[in-house]
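A.B. asks: Provide a 3D model corresponding to the input given below.
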Amino acid sequence: MAGQVISIPTSALQDAAVKYRKELLYMPIIGCNDTLQHMTPRPGIRYKENVGAVSGNAQFAPYKPSRSMDFNLKVEYRTLETFMGSVVAKFEPNSAASTILGYLAATKGDGQMKAPSALHVLTLIAKSLSESLNDAIWSAERDANGDTTHDLFDGFDTITTKEIAAGNISVAKKNFMQLEEEITTANAVDIAKQILFSLDPRLRSLDLNMYCSQDFADKYNEAMLLTHGGINYYSKYGQDTVEGSNGKLHLVPLFNKADSQFIHVTPKSNMLVGFDQMSDVESVMVKEYEPFILSYIATMFFGVQFESIDYRRLKVVKLAA
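C.D. replies: Numbering: from 1, shown residues only. Next up, the predicted model:
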């Protein structure tokens, strides 16, 4: 197959963009699945939607026909906002097709290989968009004048920093703790337990994720090996829950948490990821503006938010400087 020239007509790429619009728009979301599998997707959101927790003080008591009480309904709203992002990616279709052809030959062998289609080319571009979304999901900081995915929306760490500054995440609110020492292989298990024991009993009773860096998970596993290697219930090196949590506090190490200054402890249901995918506002198209060069043009909505920052749903741990 060496030296073979693959030709995909511009019209085929344009037709594929229309025919497979939904699939191509969803491809960046699917590409983030290693992170999003630990979160809760909210499709159908364009711009803003109020989310939050509802509580009240009504309760049963011994029967008395004359007893009544005022029901104090409390709704703590948070706003999940998705922002429209756009991309105009220039590409040379035949070069892209040749790249895919080489990949197919390497993975499937010449006997099973088929020439790449227009959909192959567009999928390659759409999937590449997921990498920047995945990278930014914690650290992104909204800048309407920016030019990168990092500028599109506020990531979870950015939201956390703003809530700390506003006093909504704090020791007084019982949803925050500050570590005083750097995490090492000598103390990682003790710190994980310290975090566990600090949780409100109602939060601790839930099935929880500890969103952390791979470095923290590695140090936790090394510490477990050093301190628990001879104990009969220590059956494997790669621990996926924190000791003492009855299997409810799951370690969720993520590559995009590598430079984060926070560990977040919360249920999966509290980590909301908003996107649209259900309206005709988002689009994918292919246009030819230059000879031999095409432009992949797409728009989509994306944003994240905590459903609640109440101490019964969330604990933020700030790492030692």
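
A.B. asks: quick one: the strands in the stretch 51-200 of the chain?
C.D. replies: 74-81, 83-91, 176-178 (DSSP state E, counting those that start in this stretch).

A.B. asks: restricting to C-alpha, output the first one in CSV.
C.D. replies: Okay, so that is strand 74-81. What follows is strand 74-81, C-alpha atoms only, in CSV (Å, rounded to 0.1, in the frame of the first residue of the first chain):
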residue,chain,number,x,y,z
LYS,A,74,-35.4,25.5,51.3
VAL,A,75,-34.2,25.3,47.8
GLU,A,76,-30.4,25.8,47.2
TYR,A,77,-30.0,26.6,43.6
ARG,A,78,-26.9,26.4,41.6
THR,A,79,-26.6,27.2,37.9
LEU,A,80,-25.2,24.7,35.5
GLU,A,81,-24.1,26.9,32.6
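
A.B. asks: hang on, the earlier thing: can you put the strands of the stretch 51-200 of the chain in TSV and add mean pLDDT, mean neighbour count and distance to K22?
C.D. replies: Using the backbone N, CA and C atoms, a C-beta is placed for each residue, glycine as well. TSV is the format used below for these (pLDDT from 0 to 100; neighbours: other C-beta atoms under 10 Å; distance: least, C-beta to C-beta, whole Å):
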stretch	mean pLDDT	mean neighbour count	distance to K22
strand 74-81	78	14	22
strand 83-91	84	15	17
strand 176-178	97	17	41
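
A.B. asks: can you say which of the ones you listed is nearest to N221?
C.D. replies: The closest of the strands of the stretch 51-200 of the chain to N221 is strand 176-178. By C-beta to C-beta, the value is 22.4 Å.

A.B. asks: which strands and helices sit next to the strand ranked longest in the chain?
C.D. replies: Longest strand in the chain by number of residues (criterion: DSSP state E): strand 293-306. Applying 3 or more C-beta pairs under 8 Å, 6 or more residues apart in numbering; DSSP states H and E, we find strand 293-306 packed against helix 10-19, helix 21-30, strand 74-81, strand 83-91, helix 118-136, helix 156-165, strand 271-275, strand 283-290.

A.B. asks: just to revisit the earlier point, just put the strands of the stretch 51-200 of the chain in CSV and tack on distance to K127.
C.D. replies: Listed next are the strands of the stretch 51-200 of the chain as CSV, based on distance: least, C-beta to C-beta, whole Å:
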stretch, distance to K127
strand 74-81, 25
strand 83-91, 12
strand 176-178, 37
